[in-house]
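[1] Sharing a model that was predicted from the sequence below.
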Amino acid sequence: MNEKIAALRAAAQANGADGVLVMTSDPHCSEYVPAYYNALPWLTGFIGENATLVVTGSESALWVDGRFYVQADKQLAGTEIQSMHAGAAGVPTVAEFLTQKFSAGQTLLLDGSCVPTATVRDYAKTLEKVGASLRSLDVVSSIWGGERPALPNTPCFLLKKEVTGADAAEKIAAVRAELAKEGANALAVTGLDCVAWLLNMRAHDLPCTPLAVSYAYITADSCTLFLAPGRLSAEDAAALAAQGVALRDYTELLDFVRSRTDEETILVSPATTNYDLYSAIEANPHLTVKEGADPIIALKGVKNPVELANSRECHIRDGVALVRFEMDLEKALAEGKQLMETDIEVMLQRRRSEQPGYMEDSFNTIAAYGPNAAMMHYHAEGEVNSPIERKGFLLIDNGGQYDCGTTDITRTYPMGPLTENERKYYTWTLQSHIDMARAVFLDYCTGFALDTFARAPLWAHKINYRCGTGHGVGFIANVHEGPQSLRPQNGVVFKPGMTITDEPGVYETDEVGIRIENELECVSAGTNQYGNWLAFEPLTVVPISTEPVLVDELSRPQIDWLNNYHQHVYETLAPRLNEEEKAWLKAKCAPIGR
């Protein structure tokens, strides 16, 4: 790793610069980045998400968020790269670091094709304060060479209207209507999930995320899909053409934008448009930039009735798989088998693969035993793989991609005797989960306002978790999807049809990690003189372990919610189970506190 950092440093210097910034990003500003664009694992050895590397003439540092503090410390150990805990007390931000390490006349490089415009602007302003400058140039490719993975090129396919609830023509019309409201008549669609939603197109370009590396460009009278040739069948290409969608090569978007001669007002989001594309749009005198959010993000954030019906079905299938998995787990433990963390993923995939319409996992399974679960996004593989003992907790966070939806669930299972602290942490986490799930709120409430519902029980014990409480979930797409989320920074107002995860947790380093997660649907809860009320209903139908619960810590409404949830789980899943499975599930869903 030190040799690679040295090579990157030398490449910057050879191009007249004094440092390089590399982010976990791609031209589409994706959360999950195709390996072709994701240089950080190769450069640093850190395999987590959402990181930023800065290399100067004499040092290097990698910023990671609270989910990855422990993981980054371990994976960067022995390298010259400093592990920077973003947001922790005493740790400089990337911007502060830049002002400390750069001076007048110096230059920082970044690859503007893979960094959001808003981020480039922020760093440029930061550097201006000390007289330094920023320049867009890709120098990583020059040292990556033959070790760089290929650009994904999997076959694409179209989802039918009975799955999505609307065809491409209807969605394009909806986007045009939103553009008109903003005084615009053109949009470059850069997000892979946005292109997928717009055209009902899916592929397998990313592990666990069925999207295609592509762009789209919408005007008042045309829609163009930019996709590598040969990826769509002739039948699907014809189907898109019939709905007004033309095809061009994936690599042609920049030239297409530069060559536009129609007078267009194009809506551009600096947060989701890469800097090189934004610069090309801005340089074309025929294009007038109007800054604003991509309307597709808000449109797809509210699921239509067909999508919601399909989502409920996929959660039932997932629930059946999880019931059978937990029975397998208990049987293996009872027989004295030695299980490793990596065995869990295999066991889960076997049960999910039995369900109709299962395509793949929706993310890499987190099967973390004991203290490993304190690392929120821990993933066992290779030598990082602990045996599961007959004590403490096993945390399992996983999900599936089906032909009718996407799931995300976490359960924390007791493996044997528990300490008093483990029971307390589990009970408080369950209280936090329940308080969020049973929240009733007015229709002006944001993710910021609702996040506190979940934190209150843990805050009462001066415990917090360094992440949001929940995120939106895509429809046969990204397992993490906005614009809504339950986190202190989110100002999006909740609406019926939005889906969200509810996943508070306790993470005590080197001791224990506990998380309980369901996916919820936002629903209307009536109207009165105070306004329109909203609430949540569970989509996830999987029992929550009650053995660790200190029942006396729960309030009566919390007990009632848990018992009602378990009755719902049993009634929903029982028709698809055999008699042995029904008996097992009935015991798991037995009421407590009566």
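    Okay, I see it.
[2] how about the strands of the stretch 101-250 of the chain, start to end?
    Here the stretch 101-250 of the chain has its strands, by DSSP state E, counting those that start in this stretch, at 107-110, 133-136, 157-158, 186-189, 201-202, 215-219, 223-226, 245-248.
[3] Deepest-packed of those, please.
    strand 186-189 (a mean of 26; mean count of other C-beta atoms under 10 Å). For the C-beta atoms, the positions are set from N, CA and C on the backbone; glycine is no exception.
[4] Can you list the strands that that strand pairs with?
    Sheet pairing for strand 186-189, assigned by DSSP bridges, gives strand 215-219 (antiparallel), strand 264-268 (parallel).
[5] Out of those strands, which is closest to residue 573?
    The stretch from the strands paired with strand 186-189 with the least distance to residue 573 (C-beta to C-beta) is strand 215-219; that distance is 39.4 Å.
[6] Figure out how far that closest one is from the centre of its chain.
    24 Å (C-alpha atoms, centre = their mean, to the nearest Å).
[7] Repeat that for stretch 245-252.
    The answer for stretch 245-252 is 27 Å, by C-alpha atoms, centre = their mean.
[8] So the nearest residue in space to residue 35 that is not next to it in sequence versus residue 33, what's the distance?
    Spatial nearest neighbour of residue 35, chain neighbours left out: residue 149 (4.0 Å); criterion: C-beta to C-beta, 6 or more residues apart in numbering. Separation of residue 149 from residue 33 (C-beta to C-beta, to the nearest Å): 11 Å.
[9] Also residue 84?
    20 Å.
[10] Same question for residue 245.
    26 Å.
[11] for residue 551, same thing?
    45 Å.
[12] Those two - which one has more neighbours?
    residue 33 (22 against 13; other C-beta atoms under 10 Å).
[13] Look at the more buried one and tell me its secondary structure.
    coil (DSSP: H, G, I helix; E, B strand; the rest coil).
[14] one step back: so which of the strands of the stretch 101-250 of the chain gets nearest residue 179?
    Per C-beta to C-beta, nearest to residue 179 of the strands of the stretch 101-250 of the chain: strand 186-189, 6.0 Å.
[15] which residues are contacting the closest one?
    Contact with strand 186-189 is made by 175, 179, 195, 198, 215-220, 253, 257, 264-268, 273, 277, 281, 287, 294-296, as judged by C-beta atoms under 8 Å, 6 or more residues apart in numbering.
[16] how about a cut-off of 6 Å?
    Here strand 186-189 makes contact (C-beta atoms under 6 Å, 6 or more residues apart in numbering) with 179, 195, 216-219, 264, 266-267.
[17] ditto for stretch 582-592
    323, 327, 543, 546, 551, 563, 566, 569-570, 574.
[18] so can I have JSON lines of the residues you listed showing pLDDT?
    What follows is these, written out as JSON lines (pLDDT from 0 to 100):
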{"residue": "323", "pLDDT": "98"}
{"residue": "327", "pLDDT": "98"}
{"residue": "543", "pLDDT": "98"}
{"residue": "546", "pLDDT": "98"}
{"residue": "551", "pLDDT": "97"}
{"residue": "563", "pLDDT": "98"}
{"residue": "566", "pLDDT": "98"}
{"residue": "569", "pLDDT": "98"}
{"residue": "570", "pLDDT": "98"}
{"residue": "574", "pLDDT": "98"}
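[19] among those residues, who's most crowded?
    residue 323 (24 neighbours).
[20] Bridged to the nearest residue to residue 374 once chain neighbours are set aside, which residues?
    Distance criterion C-beta to C-beta, 6+ apart; nearest residue to residue 374, sequence neighbours excluded, is residue 513 at 4.2 Å. On the basis of DSSP bridges, residue 513 is bridged to residue 507.
[21] Of all the strands paired with strand 186-189, which one comes closest to residue 518?
    That would be strand 215-219 among the strands paired with strand 186-189, by C-beta to C-beta, at 33.6 Å.
[22] coming back round to it: of all the strands paired with strand 186-189, which one is nearest residue 353?
    strand 215-219 (32.7 Å).
[23] so for the closest one, what's the average pLDDT?
    Across strand 215-219, the average pLDDT comes to 98.
[24] when you give positions from now on, start the count at 8
    Got it, the first residue is 8 from now on, which makes the last one we talked about strand 222-226.
[25] Need the contact partners of it.
    Outside strand 222-226, the residues touching it (C-beta under 6 Å, 6+ apart) are 182, 193-197, 202, 205, 231-233, 260.
[26] what's the lengthiest helix in the chain packed up against?
    Across the chain, the longest stretch assigned as helix under DSSP state H is helix 312-341. Using 3 or more C-beta pairs under 6 Å, 6 or more residues apart in numbering; DSSP states H and E, the elements in contact with helix 312-341 are helix 348-360, strand 412-413.
[27] Repeat the analysis, applying 7 Å as the threshold.
    Using 3 or more C-beta pairs under 7 Å, 6 or more residues apart in numbering; DSSP states H and E as the contact test, the elements touching helix 312-341 are helix 168-171, helix 348-360, strand 407-409, strand 412-413, helix 563-580, helix 586-595.
[28] what angle sits between the longest one and helix 586-595?
    The one in question is helix 563-580. Relative orientation of helix 563-580 versus helix 586-595 (axes from the mean of the first three to the mean of the last three C-alpha atoms, to 10 degrees): 170 degrees.
[29] With just CA atoms, put helix 563-580 into PDB.
    Backbone C-alpha positions of helix 563-580 (Å, rounded to 0.1, in the frame of the first residue of the first chain) are rendered in PDB as follows:
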ATOM      1  CA  ARG A 563     -47.300  -1.700  28.400                       C
ATOM      2  CA  PRO A 564     -47.600   0.000  24.900                       C
ATOM      3  CA  GLN A 565     -44.200  -1.500  23.900                       C
ATOM      4  CA  ILE A 566     -45.300  -5.000  25.000                       C
ATOM      5  CA  ASP A 567     -48.500  -4.600  23.200                       C
ATOM      6  CA  TRP A 568     -46.800  -3.500  20.000                       C
ATOM      7  CA  LEU A 569     -44.400  -6.500  20.100                       C
ATOM      8  CA  ASN A 570     -47.200  -9.000  20.800                       C
ATOM      9  CA  ASN A 571     -49.300  -7.600  18.000                       C
ATOM     10  CA  TYR A 572     -46.400  -7.600  15.600                       C
ATOM     11  CA  HIS A 573     -45.700 -11.300  16.400                       C
ATOM     12  CA  GLN A 574     -49.300 -12.200  15.900                       C
ATOM     13  CA  HIS A 575     -49.100 -10.400  12.500                       C
ATOM     14  CA  VAL A 576     -45.900 -12.300  11.600                       C
ATOM     15  CA  TYR A 577     -47.500 -15.700  12.500                       C
ATOM     16  CA  GLU A 578     -50.800 -15.000  10.600                       C
ATOM     17  CA  THR A 579     -48.900 -13.800   7.500                       C
ATOM     18  CA  LEU A 580     -46.300 -16.600   7.300                       C
END
